Structures are given as C-alpha cells and as structure tokens.
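Asks: Model the structure of this input:
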Amino acid sequence: MEKTIAPLTDLGQELSTADPARQDENAAHRRAMPLQRLIGNGMEWADAHALHALSEQGFDWMESAEALAGAAMRRVDIAGHSQSARRWYLAASASLRFGQAALPVDNDRKRGVYSRMVSAFGQAMALSNPPGEKREIPYRGGRLCGWLLLPPGGNAQGVVIVIGGFDGWREEYHSGAEHLLERGLAVFLGEVPGQGETRLEHGLFITADVEQAMIAIVDALLTDPRLGGRVAIWGNSFGGCLASRLAFFDHRIVACCANGGTARPIEVVERFPRFASKLAAMTGMNADTACEIIRALEITDLLPRMRAPFLQLHSVHDRVFSLETAQALYRTAGSQDKRLVVWEDGDHCVYNHTLEKHCLVADWFAERMCRR
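Replies: Model prediction:
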C-alpha cells in the first residue's frame, strides 16, 4: 500500500485569504514565539515550521494554529494506540496554546481557544501513566488552577511547582516536567493570579502580594501524602522573579530555580514600552496602575535573606531581562547553596538549549530533594 502525506502548509487552503498587511504583526509573533521556543516547549517540529511558514505567507496566526491543532486531532481519531493518541492530544494542545498567545484581549475567542487547549491537554493527561490530575485550589473567591503530575508508581520524593511568566503559562512547561518525573519527583504545573485559566475563567488577577497565592498552593500540596512532604519551585521568565519571591516568604521551599528571571520585572517595560499591555491584562488594571503593581514585585531588597538552595539560568543575549539586572538574583541571594549558569549563545529562557537546560535543572532538583 502506498500513501503520500501532504505538507502541513497545504492547510493554508482551509484558511482565510492571506493578507500582506499582516506581515508586521506576524513578524512580531515570530519574534515572540521563535522556532526554538515552540519546539522546546512542546510543539512538533513540523507544526512549528508550518506555523511560521503560514505566517510568513500572510495567513492569520491564530487561524493557522487552529488548523494545525485540527490536523493533530484528526490523527487522534485514527491513532492505533493510546500512546499515539496521547502524543497527538499534546500536539493539538501545543498548537492552540501558542496560537492564543497572539490574542491580546481576554475576549470570548481567546477564552474559547484556551478552553479547547485545556481540554486537549486534559485528554493527554488522562492517557498518561499515572494520569495527570486537574487541581483547582480555592483562593480569594476564585480558583488557582494547575495540573498535578506524578512519577511512575504514583508516589514522589517531593514536588516541584513549575510556573511561567507573562504569557508562557503552565502547559508550556510540560516538556521540562517530564524530566522531573523521570527522577522520581512530582510536578505541579501551576498558575498564579493573572495567568491562564486562573485569570480567564476565574477572574483572579495578579496583585502586589502574589506570594500569598503561591503560599496557598504550597499549603494544598503539603496535604497530599503522595508528594513526600517537600516542595520546591521552578520559575521561568517573569516566573523566575515570582519563584524567588516565594522562596523568601515561605521557608518551606526546599529549592528554587529561576530560568530567565530577574530581580526587577518592570525592566521589560522600560526596554519595551508596548509590553505594558500584557501587564494590564495580568492585573486587570490600566497600564499605569499595572506597571506600579509589577514594579512593587521587585525582590532586590529581599534576596539577602533568602535561604533556599538557588539555581539561576540566564543568557548573555536575553532580550527580555538583561543579564546585568538578572545577575542581581544570584549575587544578592543569601543562599549558601547557589549556582549561576550562563549560556553565551542562549536566548530568553535558554529555549535554544532545551535538552541541556532540562537535564541540568532536573538533576539539580533531584540532588536536593531525593533521599538516597
């Protein structure tokens, strides 16, 4: 039997007409979501390249991502094994996740796409072994949402909270979570107010005391006897600042990793003023008030009293948070056990060295959390 598979760029035939006027907008999306970020954080190589190629032709970014997700879901229907179905669900989820990131306003379309993304990811978690568990933790009249992933056997020697930043939310870090699971650690792919479902569905926005939300997550995780009674945190991008903040306020945190983070998150607006719109969405406030909230999250003065083991990852050419400012995390942290790793050719969050980054972080957490 012979079969010929058409390239994914043929999906352009299903989309609205390509429009040259989209070129500038699509170029901005490609800068924010370069191939190494898409592939390193869960998107299939062919899907990522097709999304970029379709955007270069002038097709709508979100429509293109939806078409790629639809193609993956059709593969689910013909998958001969549950393992294959799981992978196709993850592929569909990744396409929808990176698609909705281009929608700046919390409207019905964004919520609808995000809901479909969560559904696809949930189908993949249901086919995992052990199955991933959807968790919703009550907080200030809303819910802090996340996925609890357990290692083989169902019992862990500890749990690592993994959080993202301004627009990279919990599911984006599933690829890194798999490395922790292999080492006997559980993972909570979590959200703080202002992120993901916690914001879009439950109306919780980030505030200057965001550490209280993270403390509520720690409280909930410590009640689960399967998780070994030990909690650590791994923050990415803006999440690196939040992770370090939690390590200061909650001494139950046994280890903290900041990947691509900073001590002064307001720096991103000082470098890129248009970024204030993302802060407005996270806070539910106007741009000026949003910037004041994010400015209040600076942790420079707190760092000397941090005690948890601390790992920081950064890149020389990080365009979001400068290496100079980010190094304040490492130099000022009072932790006796601390390490800084800098990639000379790395990009933001070291997307272009994904395997090396994930192995390094997973090994570091395992060495500090797994009893031998």
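Asks: Tell me, how many residues neighbour residue 226?
Replies: The burial count assigned to residue 226 is 15, neighbours taken as other C-beta atoms under 10 Å. (C-beta placed from N, C-alpha, C; glycine too.)
Asks: so what's it up against?
Replies: Listed by C-beta atoms under 8 Å, 6 or more residues apart in numbering, the contact set of residue 226 reads 150, 154-156, 186.
Asks: cool, residue 365 as well?
Replies: Per C-beta under 8 Å, 6+ apart, neighbours of residue 365: 158, 160, 180, 183, 185, 232, 234, 255, 257.
Asks: could you pull out the strands for the stretch 201-350 of the chain?
Replies: With DSSP state E, counting those that start in this stretch as the criterion, the stretch 201-350 of the chain has strands at 231-236, 253-259, 310-315, 338-343.
Asks: lowest average confidence, helix or strand, in the chain?
Replies: For the chain, counting by mean pLDDT, DSSP states H and E, helix 323-332 ranks last in confidence among helices and strands (a mean of 89).
Asks: to the chain's geometric centre, what's the distance from that helix?
Replies: Computed by C-alpha atoms, centre = their mean, to the nearest Å, the chain-centroid distance of helix 323-332 equals 22 Å.
Asks: How about stretch 136-146?
Replies: Computed by C-alpha atoms, centre = their mean, the chain-centroid distance of stretch 136-146 equals 18 Å.
Asks: From start to finish, how long is that stretch in a straight line?
Replies: This stretch, stretch 136-146, spans 6 Å end to end (C-alpha to C-alpha, to the nearest Å).
Asks: in that stretch, what counts as buried?
Replies: For stretch 136-146, a neighbour-count test (16 or more other C-beta atoms under 10 Å) marks 137, 139, 142-146 as buried.
Asks: Where helices are concerned, which of the residues you listed count?
Replies: Among these, no member falls in helices (DSSP state H).
Asks: Let me have those in CSV, extended by pLDDT.
Replies: Shown next, in CSV, are those (pLDDT from 0 to 100):
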residue, pLDDT
137, 98
139, 98
142, 97
143, 98
144, 98
145, 97
146, 98
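Asks: which two in those are spaced the farthest apart?
Replies: Maximum pairwise distance in the buried residues of stretch 136-146, criterion C-beta to C-beta, is 13.3 Å, between 142 and 146.
Asks: Just among the contacts of residue 365, which is most surrounded?
Replies: Going by other C-beta under 10 Å, residue 160 tops the contacts of residue 365 with 33 neighbours.
Asks: So for stretch 155-173, what gets flagged as buried?
Replies: Those would be 156-173, for stretch 155-173 by 16+ other C-beta under 10 Å.
Asks: just stretch 17-32 next, same as before
Replies: Using 16+ other C-beta under 10 Å as the test for burial, stretch 17-32 gives 18, 22, 26, 29.
Asks: And stretch 365-372, by the same measure?
Replies: Residues 365-366, 368-369 are the ones in stretch 365-372 that count as buried (16+ other C-beta under 10 Å).
Asks: Closest one to residue 65 out of the residues you listed, please.
Replies: Residue 65 has its nearest neighbour among the buried residues of stretch 365-372 in residue 365, at 31.8 Å by C-beta to C-beta.
Asks: What ranges does the stretch 51-200 of the chain have for its helices?
Replies: For the stretch 51-200 of the chain, applying DSSP state H, counting those that start in this stretch gives helices covering 61-78, 82-100, 108-126, 174-182, 196-200.
Asks: Looking at the ones you listed, which is nearest to residue 43?
Replies: The closest of the helices of the stretch 51-200 of the chain to residue 43 is helix 82-100. By C-beta to C-beta, the value is 4.2 Å.
Asks: chain center to stretch 146-159, what's the gap?
Replies: Centroid separation for stretch 146-159 versus its chain: 18 Å, with C-alpha atoms, centre = their mean.
Asks: ok, now stretch 128-148?
Replies: With C-alpha atoms, centre = their mean, you get 15 Å for stretch 128-148.
Asks: who are the neighbours in contact with the closest residue to residue 89 other than its chain neighbours?
Replies: Spatial nearest neighbour of residue 89, chain neighbours left out: residue 124 (3.8 Å); criterion: C-beta to C-beta, 6 or more residues apart in numbering. By C-beta under 8 Å, 6+ apart, the contact list for residue 124 reads 86-87, 89-90, 93, 132.
Asks: of all these, which comes closest to residue 272?
Replies: Looking across the contacts of residue 124 and measuring by C-beta to C-beta, the closest to residue 272 is residue 93, at 28.2 Å.
Asks: can I assume that closest one is in contact with residue 114?
Replies: No. The criterion here is C-beta atoms under 8 Å, and residue 93 misses it with residue 114 at 10.5 Å.
Asks: out of the two, which sits in the busier spot?
Replies: residue 93 (28 against 24).
Asks: Look up how far residue 367 lies from the more buried one.
Replies: 31 Å (C-beta to C-beta, to the nearest Å).
Asks: returning to that earlier point: export the contacts of residue 226 to JSON lines and append columns for pLDDT and distance to residue 353.
Replies: JSON lines is the format used below for the contacts of residue 226 (pLDDT from 0 to 100; distance: C-beta to C-beta, whole Å):
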{"residue": "150", "pLDDT": "98", "distance to residue 353": "28"}
{"residue": "154", "pLDDT": "93", "distance to residue 353": "32"}
{"residue": "155", "pLDDT": "95", "distance to residue 353": "32"}
{"residue": "156", "pLDDT": "97", "distance to residue 353": "27"}
{"residue": "186", "pLDDT": "98", "distance to residue 353": "25"}
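Asks: Filter those residues down to just the ones in strands.
Replies: The members of the contacts of residue 226 that map onto strands under DSSP state E are residue 186.
Asks: What's the separation between the closest residue to residue 121 other than its chain neighbours and residue 281?
Replies: Counting by C-beta to C-beta, 6+ apart, residue 121 lies nearest to residue 93, which is 4.1 Å off, once chain neighbours are set aside. Applying C-beta to C-beta, the value for residue 93 to residue 281 is 21 Å.
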